[in-house]
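Asker: kindly return the folded structure for what I paste below:
(3 chains)
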Amino acid sequence: MNPDRYFSPDPSTRGIARELYQTVATLPIVSPHGHVDPRLFADPNATFGTPADLFIIPDHYVTRMLYSQGIPLESLLTGDHRKIWKLFCEKFYLFRGTPSGIWLTHELSQVFGVDEKPSASNADRLFDSVSDKLSSPEFSLRQLFERFNIEVLCTTDAATDTLEHHQAIKDSGWSGNIRPTFRPDGVVNLDAPNWKANIEKLEQVTNQPITNYKSFIQALEQRRIFFKSMGATATDHAALTPATAELTPSETETIFQRALKGESKPNDAAQFTAHMLMEMARMSIDDGLVMQLHPGSLRNHNDIIFQKFGLDKGADIPIQTEYTRNLLPLLNKYGNNTNLSLILFTLDETTYSRELATLAGHYPVLKLGPPWWFHDSLNGMARYFDQVMETAGLYNTAGFNDDTRAFCSIPARHDVWRRASANWLAGLVVRHIIDENDANEMIQDMAVNLAKRAYKL
Amino acid sequence: MNPDRYFSPDPSTRGIARELYQTVATLPIVSPHGHVDPRLFADPNATFGTPADLFIIPDHYVTRMLYSQGIPLESLLTGDHRKIWKLFCEKFYLFRGTPSGIWLTHELSQVFGVDEKPSASNADRLFDSVSDKLSSPEFSLRQLFERFNIEVLCTTDAATDTLEHHQAIKDSGWSGNIRPTFRPDGVVNLDAPNWKANIEKLEQVTNQPITNYKSFIQALEQRRIFFKSMGATATDHAALTPATAELTPSETETIFQRALKGESKPNDAAQFTAHMLMEMARMSIDDGLVMQLHPGSLRNHNDIIFQKFGLDKGADIPIQTEYTRNLLPLLNKYGNNTNLSLILFTLDETTYSRELATLAGHYPVLKLGPPWWFHDSLNGMARYFDQVMETAGLYNTAGFNDDTRAFCSIPARHDVWRRASANWLAGLVVRHIIDENDANEMIQDMAVNLAKRAYKL
Amino acid sequence: MNPDRYFSPDPSTRGIARELYQTVATLPIVSPHGHVDPRLFADPNATFGTPADLFIIPDHYVTRMLYSQGIPLESLLTGDHRKIWKLFCEKFYLFRGTPSGIWLTHELSQVFGVDEKPSASNADRLFDSVSDKLSSPEFSLRQLFERFNIEVLCTTDAATDTLEHHQAIKDSGWSGNIRPTFRPDGVVNLDAPNWKANIEKLEQVTNQPITNYKSFIQALEQRRIFFKSMGATATDHAALTPATAELTPSETETIFQRALKGESKPNDAAQFTAHMLMEMARMSIDDGLVMQLHPGSLRNHNDIIFQKFGLDKGADIPIQTEYTRNLLPLLNKYGNNTNLSLILFTLDETTYSRELATLAGHYPVLKLGPPWWFHDSLNGMARYFDQVMETAGLYNTAGFNDDTRAFCSIPARHDVWRRASANWLAGLVVRHIIDENDANEMIQDMAVNLAKRAYKL
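Answerer: Down below sits the predicted model:
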């Protein structure tokens, strides 16, 4: 791991980037949005299992790449873990130049002390060595959380979640700051898998029948209060498009009743989601929860894989996404209300300079989230800095999210962001666009402060 | 203000960029498209007012950024100017890394001799110092025009404008070359605010009743002749999309009559604008006025702000724009007629390499305007050079426009363009794609010649 | 021709790029997709004709640029060749910074020993000097093929082509490896010019009547077998969009019958093409021919030019292209079948990071073709590396295609690719994203191996 990795090769830029980076390299990690399972921290001694359990099986970034090269998912998700690990090591060259390659290399080196490139010839040895580490007490989740210097970690939790693991963490007296995030997609998107079952769960956890739109809204409001009481500062919403549009009360009721009866019409789900985004903005104004919107992923594109292996197997594919007209109703109603804070994400980079930066550079309620998912990469960050910052301004962005379910990759991801940020700022300094004083403040903001402020942490 | 600002940090590139830049640094400014108010030059002693009048209140680039961070527009547009200025200075850090930051820094330094960064602590002192300058005779508009070394400045004027200020400038005997541009949006776009009132103005200035499409067209033709007699060499057209399509005479008449009666149907305005773009191309072939098209801005996105504060308050948001099919009717009819010259602009950078460069690299009538509005920035220019030039070729582009209503920012904006151009060319030289002889000719073309030729100046 | 041309000016990057490049600079050329006329190689002594015949008349990259600057196509395509050449030399400055400029300079220097920039003053001399060379035996097509060190060259041939020139090449005993590619657009796209005549040709070459959809499919299958027997390893398909969707047998028959009768309905061609792409994938699974898809070009945009001068005159303009939803039917049916290999191309670079890289990074059947047409350029390649590689991974790409009908530009185009690849890899090395061992393997893959594997050569 070269200490100057990811910096520009230009000596003047590199020198400044290095200095800027060093001022934030060891700052605590603020992780305001991600998908780590809170259950892992509820048990004080929980560990990861095998190297395959940690690095391969749950990581769709890794399995999709191997699958794309003709390796059956069966051989990656099931069977002997040493065999899975060997397959991964043999094919490690596929990750050359990819963010997964960078994160995996960082994790192996910085977490497990492995500085060799995985390959067919060292696969067995690495498996043993990593397995040894994983079974030792210093590699419990909680110890790693502390070693990673995580100041706060936000999880993502269904609206119907009891948050029992969050409660268990609190009850245990452990000091780790782990907060839930309210994600109501499963009850808000009428076409969510198991929507009806989710509504029934919502009835159970709120202890009230949901027979009409009004009781549905009351249940959601009640859950938000509960999440807030458990430490949540934000909500999160996925939608195929960022369409927003208020329905009339009677339209809302009609659509909701059709859904309860399992008789939804083709357009109902899209209309209802668009309406519910308005409702969620209204509730955020009331309860102060920061609202996140993650649109534009066509989930489960590969039906065969979905039927066989379920969600999150690498077949979620982005689509073109439109924000200017889609957000118009929401922004016209709530865009000037500074009690609202709405953080936008995108998988469609064409919207950076055209729509997102121009919207965020005007509306007080808007902030732009960092490069998301496929774009959480060195080039993705460079494009984001290039296309967003001039128009939106740094202070209309929300710092970094790692957005990961791979807990051990968190330090790697924040390290890439901090280095990329330092390198971007150094580029501005050497071209005399900002001075070093500015850069020194901005790197602190990018590493930690913007995320804390945007998420009210 | 570092003399090497905005150049690549690579020493070989920087050296060549510097040399190229020096050959154009002091060339006169050719400003073929912009929004400076000609009234400012009609009065020989006109000045700017306070620092807030100059730097903040009329500049929606500045106010939008402050507004986006929760500062009420009321406190920026109204009230005590010293207070407005202080607010601006306190929040000056918001402009870090933005083109506004670059322009403001340049103006303060080069026009007002202020080399400090504005801040809460120096706000009062800067207000006094800039105010002093502004009230001195050397800071009259005309003196600055000469000091800025502006060879020609084109304004943008409604079709119904009497051009009295242009006339007054001429009559005054002052040598400043200020030319009008014919912008008929207010009478051509049926959904323009006050369309009917604009038609009545058109009747007055042409001294003929407009009762049907034929008299409307005659009025426009008459106005174009008048503008030309006043020095205009170009027209300018805004439209939500670049759709072009000829209606039949009876369709045209029907739509026009409905508009006169205030009974337009939903689609009328879009169809009529598409038709009128064809008509404007035809007229340009007749009278030789260069035609400019600026599509793709959804104006007044924030209705509350529009109702309270009116046009141009930072809430015009770009939309996706399509040129290949939209321009097909116009280009099929007039695209090979070298009497036409049509300069295209875009706010949708995805069209640079896909549509605009390929169209301009084929059709003799087309030229591409420089990066527009949000993209008039260092990164915006770099993306434009990167994505346009290989396919369109430099000689199918139209040099630079500052497109500004902020008169004092004109030298800053041209300086950024000249530096960015020099840096781009230096990058081609060091990679041996062009040689220094080529680069030396190209930098002259980019700084001045292309704009002069494209606009027939 | 500087030996370090096109490399980054940064000394550390340049040094590594140079070393990487040198390991592949003289490797044989693998050209798996292009448009060179096989007839040229059927005659052992065939030559090119005049310099205008070689460099100008057949090259729509060259003529479009000259036409865009107001030079009539008549004066470029007809009349005295020395005059055409002079016009080209006078206007050679138009190609500054363009890929055509790079290729032409390379060809003149490396193939014809001309190291001067063409201009009005040396035009006559260059015409004579190049003419002399062209009439000498070493400049026969076959000798140049050998001198260019071409290992394999694939042509593109109509489904109805007899492949007589390929047969003649074989029969001649010459060792040049020239293979056909099966391109059935003329019979598959119902709106192709002369579709009915093409069907009749298909009847002739298959010696069977085509009276219904079944016999049409049988004819295509038979032709594919014939092409394969003649050395083809791939098919190629152009379509306005990449829409794929299976029709029912009765829909298919109805649409096909309407087409036979010349009574196609407006939507028939689009639906039939979408259906036939599914059929072609099915056939590829059966016969192993690699499938290429080149969508998104709106052909013959300039109708006047098309009427006067026909196809391929520089007026094919890209349109926005959507892959995620359009390919869903095909990928859901065949996307997991590793007997299929589908290589995707695009003229819409916005799809690189959003759709193509994410699809190719998941589906085992997909590979991404190199930057196509207008994007086959230094910047186009840099954008492709930047936007594709992190998400798709290098090993889901298909190496390089020159895709040219300009035979003498083949070495230039591969040289640009190899240099751009070396430069990209060097950039990864200096930023410590990959190491030099990785880079040394990757440059071999990019220069030759990926193309060979993707095209089964």
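Asker: how about the strands of the stretch 101-250 of chain A, start to end?
Answerer: Assigned by DSSP state E, counting those that start in this stretch, the strands in the stretch 101-250 of chain A fall at A:150-154, A:157-158, A:178-179, A:182-183, A:234-239.
Asker: near the closest residue to A:T233 other than its chain neighbours, how many other residues are there?
Answerer: Closest residue to A:T233 apart from its sequence neighbours, by Cβ to Cβ, 6 or more residues apart in numbering or on different chains: A:K456 at 4.6 Å. The C-beta positions use only the backbone N, C-alpha and C, and glycine is treated the same way. By other Cβ atoms under 10 Å in any protein chain shown, 12 other residues sit near A:K456.
Asker: help me confirm that A:D115 comes into contact with A:E107.
Answerer: No - the criterion here is Cβ atoms under 8 Å, and A:D115 misses it with A:E107 at 11.8 Å.
Asker: ok, these two, which is more surrounded?
Answerer: Shown here are A:D115 and A:E107; by other Cβ under 10 Å, A:E107 has more neighbours (21 against 10).
Asker: can you check the pLDDT for the more buried one?
Answerer: On pLDDT, A:E107 comes in at 98.
Asker: so what's the residue lying closest to it once chain neighbours are set aside up against?
Answerer: Computed as Cβ to Cβ, 6+ apart, the closest residue to A:E107 that is not its neighbour in sequence is A:C408, at 4.9 Å. Applying Cβ atoms under 8 Å, 6 or more residues apart in numbering or on different chains, we find A:C408 in contact with A:F48, A:L54, A:F55, A:E107, A:V111, A:L144.
Asker: what do you get if the cut-off is 7 Å, keeping everything else the same?
Answerer: Residues in contact with A:C408 (Cβ atoms under 7 Å, 6 or more residues apart in numbering or on different chains) are A:L54, A:E107, A:V111.
Asker: what's the answer for A:W372, then?
Answerer: A:H294, A:F345, A:T346, A:L347, A:D403.
Asker: check those against chain C and report the nearest one.
Answerer: A:L347 (6.4 Å; Cβ to the nearest Cβ).
Asker: pretty sure the closest one contacts A:P318?
Answerer: Yes - the pair A:L347 / A:P318 is scored as a contact, 3.6 Å apart, by Cβ atoms under 7 Å.
Asker: joint contacts of these two?
Answerer: Common neighbours of A:L347 and A:P318, counting by Cβ under 7 Å, 6+ apart, are A:G296, A:S297, C:R354.
Asker: phi, psi of the last one?
Answerer: With angles defined as degrees, to the nearest 10, C:R354 sits at phi -80, psi -50.
Asker: distance of it from C:S421?
Answerer: 23 Å (Cβ to Cβ, to the nearest Å).
Asker: from A:H33, how far out is the most centrally placed residue in chain A?
Answerer: Nearest to the mean C-alpha position of chain A, counting by Cα atoms, centre = their mean, stands A:D403 at 2.2 Å. From A:D403 across to A:H33, the span is 6 Å (Cβ to Cβ).
Asker: and A:S229, how many neighbours?
Answerer: 9.
Asker: circling back to that earlier point, return the backbone torsion pair for the residue nearest to A:T233.
Answerer: phi 50, psi 40.
Asker: that one reaches A:M291, doesn't it?
Answerer: No - if you go by Cβ under 7 Å, A:K456 and A:M291 don't touch, sitting 11.6 Å apart.
Asker: what is in contact with these two at once?
Answerer: If you check A:K456 and A:M291 against Cβ under 7 Å, 6+ apart, no residue is contacted by both.
Asker: which bits of chain A sit near chain B?
Answerer: A:10, A:12-13, A:322, A:324-325, A:328, A:331-332, A:335-336, A:338, A:350, A:353-355, A:358-364, A:386, A:389-391, A:393-396, A:428, A:430-434, A:438, A:442 (Cβ under 7 Å from any Cβ of the partner chain).
Asker: filter these down to the ones close to chain C.
Answerer: When the residues of chain A next to chain B are checked against chain C using Cβ under 7 Å from any Cβ, the ones in range are A:D10, A:T350.
Asker: mind giving me the PyMOL select for the residues of chain A next to chain B, buried ones only?
Answerer: Burial among the residues of chain A next to chain B is assessed by 16 or more other Cβ atoms under 10 Å in any protein chain shown; the matching PyMOL selection reads:
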select buried, chain A and resi 10+13+322+324+325+328+331+332+335+336+350+353+354+355+358+359+360+361+362+363+364+386+389+390+391+393+394+395+396+428+430+431+432+433+434+438+442
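Asker: just the pLDDT for A:N45.
Answerer: Per-residue confidence at A:N45 stands at 84 (pLDDT).
Asker: which element is it on?
Answerer: Using DSSP states H and E, A:N45 sits in no helix or strand.
Asker: and it, how far from chain B?
Answerer: According to Cβ to the nearest Cβ, to the nearest Å, A:N45 and chain B sit 46 Å apart.
Asker: what sits against that residue?
Answerer: Neighbour list for A:N45: A:S140 [criterion: Cβ under 7 Å, 6+ apart].
Asker: how does chain A divide into domains?
Answerer: A:11-45+A:149-454, A:47-139 (automatic domain parsing).
Asker: tell me which of those domains is the most buried.
Answerer: domain A:11-45+A:149-454 (a mean of 20; mean count of other Cβ atoms under 10 Å in any protein chain shown).
Asker: what's the first-to-last distance across that domain?
Answerer: Terminal residues of domain A:11-45+A:149-454 are spaced 34 Å apart (Cα to Cα, to the nearest Å).
Asker: for it, the distance to its chain's centre please.
Answerer: 7 Å (Cα atoms, centre = their mean, to the nearest Å).
Asker: equivalent analysis for stretch A:36-55, please.
Answerer: Its chain's average C-alpha position is 19 Å from that of stretch A:36-55, according to Cα atoms, centre = their mean.
Asker: also stretch A:3-20?
Answerer: The chain centre lies 28 Å from the centre of stretch A:3-20; the measure is Cα atoms, centre = their mean.
Asker: about what we covered before: out of the domains of chain A, the one nearest C:T235 is which?
Answerer: domain A:47-139 (20.8 Å; Cβ to Cβ).
Asker: gap between A:Y384 and C:L356?
Answerer: 19 Å.
Asker: residues in contact with A:E90?
Answerer: Counting by Cβ under 7 Å, 6+ apart, A:E90 makes contact with A:A120, A:A123.
Asker: for the residue nearest to A:Q222 when sequence neighbours are not counted, give its distance to chain C.
Answerer: Setting aside the residues directly before and after it, A:Q222 is nearest to A:T206 in space (Cβ to Cβ, 6+ apart), at 5.2 Å. Applying Cβ to the nearest Cβ, the value for A:T206 to chain C is 37 Å.
Asker: surely A:T206 and A:E221 touch.
Answerer: No - between A:T206 and A:E221 there is no contact under Cβ under 7 Å: 9.6 Å.
Asker: can I get the strands of the stretch 101-250 of chain A in a markdown table including distance to A:F226 and mean pLDDT?
Answerer: Output for these, formatted as a markdown table (distance: least, Cβ to Cβ, whole Å; pLDDT from 0 to 100):
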| stretch | distance to A:F226 | mean pLDDT |
| --- | --- | --- |
| strand A:150-154 | 16 | 98 |
| strand A:157-158 | 11 | 98 |
| strand A:178-179 | 13 | 98 |
| strand A:182-183 | 9 | 98 |
| strand A:234-239 | 13 | 98 |
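Asker: and what about the residue of the stretch 51-200 of chain A found nearest chain B, helix, strand or coil?
Answerer: Closest residue of the stretch 51-200 of chain A to chain B, Cβ to the nearest Cβ: A:G97 (21.0 Å). Here A:G97 is recorded as coil under DSSP: H, G, I helix; E, B strand; the rest coil.
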